[in-house]
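Participant: Sequence first, predicted model second:
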Amino acid sequence: MKKLLISLLIAPVLAFAAGAELHLDKAPDRAGDTAALQNGAKVFVNYCLSCHSASYMRYNRLRDIGLTEDQIRTNLLFTADKVGEPMRISMQRAEAKQWFGAAPPDLTVIARARASEFGSGSDWLYTYLRTFYRDDSRPTGWNNLVFANVGMPHALWALQGEQVMGEDHHLKLAKPGKLKPEEYDAMVADLVGFLKYMGEPVGEFRKNLGVAVLIALALLFVLSYALKREFWKDIH
């Protein structure tokens, strides 16, 4: 019983220590960059949507990032018949669990979910998607620096190339991919920006509205103070 109590007391400390060792690269901010978000949507549909759904996101919300319904229907509508449908996949969860060992998670709010764990969901996703490396001991042949023993294979390996773990415990590019490292990083930043956008499509509007409200309140304060001075001037 004594050992159990001690283990319960030190578990949070150990968890904090483990989390402190995790280094996350800063994700470039793509908020408000419609071209980057459109590219992120294209990457998501072409490389992620075959296994990962975004069932709380509808295709027609992509109009908010500057796409027309015709562009959505022609270039991105691969898993649905109508633009108003959610971004679902045809793969069943039971089948996915049998094939992969665990069903791939829905990615609609993945950035917000990771933010609750690591402080910045964008930084975690940006680092995660850039730190896959070859590991023959894993069933998929891949491992990841920030998600050790991950069950997901590296879906973007043809673009990034194949990284290996060096003797200095740093990743090295053993086989180049279709994109240069800086091009791959920019593409991942676009994808992460889109994942963040899906978690809160009205996020930028909310921030802009908040600024407008604060400005309005500041002006109202000035007018209220001027009215107060005018009302009390004869008394003082």
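Facilitator: Ah, there it is.

Participant: looking at this, Tyr133 is in a strand?
Facilitator: Yes: assessed by DSSP: H, G, I helix; E, B strand; the rest coil, Tyr133 belongs to a strand.

Participant: What ranges in the protein fall below the confidence cut-off?
Facilitator: Within the chain, the segments meeting pLDDT under 70 span 1-21, 95-101, 202-206, 236.

Participant: pretty sure Ser55 contacts Met87?
Facilitator: Yes: if you go by Cβ atoms under 8 Å, Ser55 and Met87 touch, sitting 6.7 Å apart. The C-beta positions use only the backbone N, C-alpha and C, and glycine is treated the same way.

Participant: any residues in contact with both of these two?
Facilitator: Common contacts of Ser55 and Met87 (Cβ atoms under 8 Å, 6 or more residues apart in numbering): Thr108.

Participant: Helices along the protein, start to end?
Facilitator: Applying DSSP state H to the chain gives helices spanning 2-20, 34-43, 69-75, 93-100, 110-118, 121-128, 157-160, 181-199, 203-232.

Participant: Which of the ones you listed sits closest to Cys51?
Facilitator: Closest of those to Cys51 is helix 93-100, at 7.2 Å (criterion: Cβ to Cβ).

Participant: picking that back up, now the helices of the chain as TSV including distance to Lys175 and mean neighbour count?
Facilitator: Listed next are these as TSV, based on distance: least, Cβ to Cβ, whole Å; neighbours: other Cβ atoms under 10 Å:
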stretch	distance to Lys175	mean neighbour count
helix 2-20	31	9
helix 34-43	21	20
helix 69-75	30	14
helix 93-100	24	12
helix 110-118	28	17
helix 121-128	20	23
helix 157-160	9	17
helix 181-199	13	22
helix 203-232	38	10
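
Participant: In TSV, list those along with distance to Tyr59.
Facilitator: Formatted as TSV, those follow (distance: least, Cβ to Cβ, whole Å):
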stretch	distance to Tyr59
helix 2-20	36
helix 34-43	10
helix 69-75	5
helix 93-100	21
helix 110-118	18
helix 121-128	22
helix 157-160	24
helix 181-199	12
helix 203-232	19
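
Participant: for those helices, which one sits closest to Gly166?
Facilitator: Short answer: helix 181-199, nearest of the helices of the chain by Cβ to Cβ, at 15.5 Å.

Participant: counting contacts, what elements does that closest one pack onto?
Facilitator: When contacts are defined as 3 or more Cβ pairs under 8 Å, 6 or more residues apart in numbering; DSSP states H and E, helix 181-199 sits against helix 34-43, strand 54-58, helix 110-118, helix 121-128, helix 157-160.

Participant: what do you get if the cut-off is 6 Å, keeping everything else the same?
Facilitator: On a contact count with 3 or more Cβ pairs under 6 Å, 6 or more residues apart in numbering; DSSP states H and E, helix 181-199 meets helix 34-43, helix 110-118, helix 121-128.
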